[in-house]
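Asker: Any chance you could fold what I've pasted below:
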Amino acid sequence: MTDVYSPVDTVADGYRDNVETILIVDDEPNNLKVLYDLLSQHSYEVRAARDGQMALDTVQAATPDLILLDIKMPGMTGYDVCQRLKANPETRDVPVIFISALNQVEDIVKAFDVGGVDYITKPFQHAEVMARVRTHLTIIQQQRQLTFQQEQIAAMRRRDRDRFDHLTAMREQFVRSAAHDLKNPLALVTGYASMLRRFDEVRTSPKILECVEQIEYSGEQMLSLITSMLDYVRMQSGLNLDLEQVSLPDFLANIIDGHRANAQEKGINLVFKAPDEDLHVKIDRQLMKRVFDNLLSNAIKYSPADTTTEVELVIDRNRAATHIRDQGYGIQQDEIPHLFEPFYRAAQKGQDIEGSGLGLSVVREILQQHIGSIEVKSTPGKGSTFSVYLPLR
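Answerer: This next block holds a predicted model:
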């Protein structure tokens, strides 16, 4: 049972709120009384036990904030008690200060080895006991405050994350719904405009034909913008990639061939350079085609006639690097960091080239999901180089 200095009923009821509780364990009644009186005078709630088993029972009833533990006791030594406490997940964090007449170095070292946080030798000085008790209780309070703050921060982050996820889901749903609701009527507009072009009344009237063509062109531009918006939202939400092993030189050659007619029409020479050895990458064909289609169409779009656009595939350490170089208008250095932001369009002096400003955002999202990356170098008036990096497989 618990010593006379600490009534059993108060232990069963638990410790008082905001009062630090100290358990003293010693088989000498005089030591217990001295420590009990000393600690009680400083407003600590004190519990006392005369042997190791009684100490463990007291801790089991209600965990104290600090334990002052003698070593030489009948039945169970203080070392044994400390080891039992440290083996229990519920009591392992309770600091134990050994207080003993044993003053040999090996005794003190063993006390720390079994989990003690401090050691006081008998006969003890009251001031020393209080100083060490206050120090360790302060450490405990600071640790608890830190833990509480960490838990609060974690809870706030979870709330913020849940809120962000909710807002993101709402945004994505809104974009999908809006885009879907817009695509259907726009498809009708462009479809009817295409039908109107077949009528003789339209074909034979230049003004009416121009209006119909403008309607059809504007509708196609809107559909392209809506498609890009949907693509960007899907990319941010994450995609299930349909990965397959692909020969990158062959893959790029097919894409480049698809852009030759457009390049020739504008008077641009399209060149492809690849190493003799085959390079394999693991990609989603459809998504990666969109990456290079976008970059090639931009290179052609933003280049004047009678220039060269070069696609060069090289090995860069353990990566396949594809450099797309044009001799176009170039990009100002202060604009390069913003190129991959949604809806951002770099200013082209003297050029009025249409676009959604979403293409490069989608390109970067696709590459990131492939553990790839993209870099840009540009000199205004001389051209730009977009470099795509993909891990070799």
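
Asker: burial measure for Asn103, as a count.
Answerer: 10 (other CB atoms under 10 Å). Yep, even glycine has a C-beta here, placed from its N, CA and C like the rest.

Asker: Going along the chain, name the helices of this structure.
Answerer: 8-12, 29-41, 52-61, 78-87, 105-113, 126-196, 200-203, 206-237, 248-265, 285-301, 359-369 (DSSP state H).

Asker: and those helices as CSV, adding distance to His338, mean neighbour count and mean pLDDT?
Answerer: CSV is the format used below for the helices of the chain (distance: least, CB to CB, whole Å; neighbours: other CB atoms under 10 Å; pLDDT from 0 to 100):
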stretch, distance to His338, mean neighbour count, mean pLDDT
helix 8-12, 67, 12, 34
helix 29-41, 65, 17, 93
helix 52-61, 62, 19, 94
helix 78-87, 57, 19, 95
helix 105-113, 58, 14, 95
helix 126-196, 21, 13, 84
helix 200-203, 43, 12, 86
helix 206-237, 16, 16, 79
helix 248-265, 26, 16, 94
helix 285-301, 15, 19, 92
helix 359-369, 10, 21, 88
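
Asker: which stretch among those comes nearest Leu68?
Answerer: Proximity to Leu68, assessed across the helices of the chain by CB to CB, is greatest for helix 29-41 (6.3 Å).

Asker: now that closest one against helix 126-196, angle please.
Answerer: 50 degrees (axes from the mean of the first three to the mean of the last three CA atoms, to 10 degrees).

Asker: okay, the closest residue to Arg364 other than its chain neighbours: pLDDT?
Answerer: Take Arg364 and drop its neighbours on the chain: the residue closest to it by CB to CB, 6 or more residues apart in numbering is Phe340, 4.5 Å away. At Phe340, the predicted lDDT confidence score is 84.

Asker: cool, Asp3 as well?
Answerer: Residue-level confidence at Asp3 comes out at 44, pLDDT.

Asker: returning to that earlier point: for the residue nearest to Arg364, give its distance to Asp107.
Answerer: 66 Å (CB to CB, to the nearest Å).

Asker: Could you do Val34 as well?
Answerer: Taking CB to CB as the criterion, Val34 is separated from Asp107 by 22 Å.

Asker: Also Ala263?
Answerer: Counting by CB to CB, the gap from Ala263 to Asp107 is 87 Å.

Asker: again with Val129
Answerer: Counting by CB to CB - Val129 and Asp107 are separated by 18 Å.

Asker: Please apply the same query to Asp27.
Answerer: According to CB to CB, Asp27 and Asp107 sit 17 Å apart.

Asker: residues contacting Tyr44?
Answerer: Shown in contact with Tyr44 (CB atoms under 8 Å, 6 or more residues apart in numbering): 19-22, 133.

Asker: Filter these down to the buried ones.
Answerer: Among those, those buried by neighbour count (16 or more other CB atoms under 10 Å) are 20-22, 133.

Asker: Could you work out the most separated pair of those?
Answerer: For the buried ones among the contacts of Tyr44, the maximum inter-member distance is 11.8 Å, found between Thr21 and Val133 (CB to CB).
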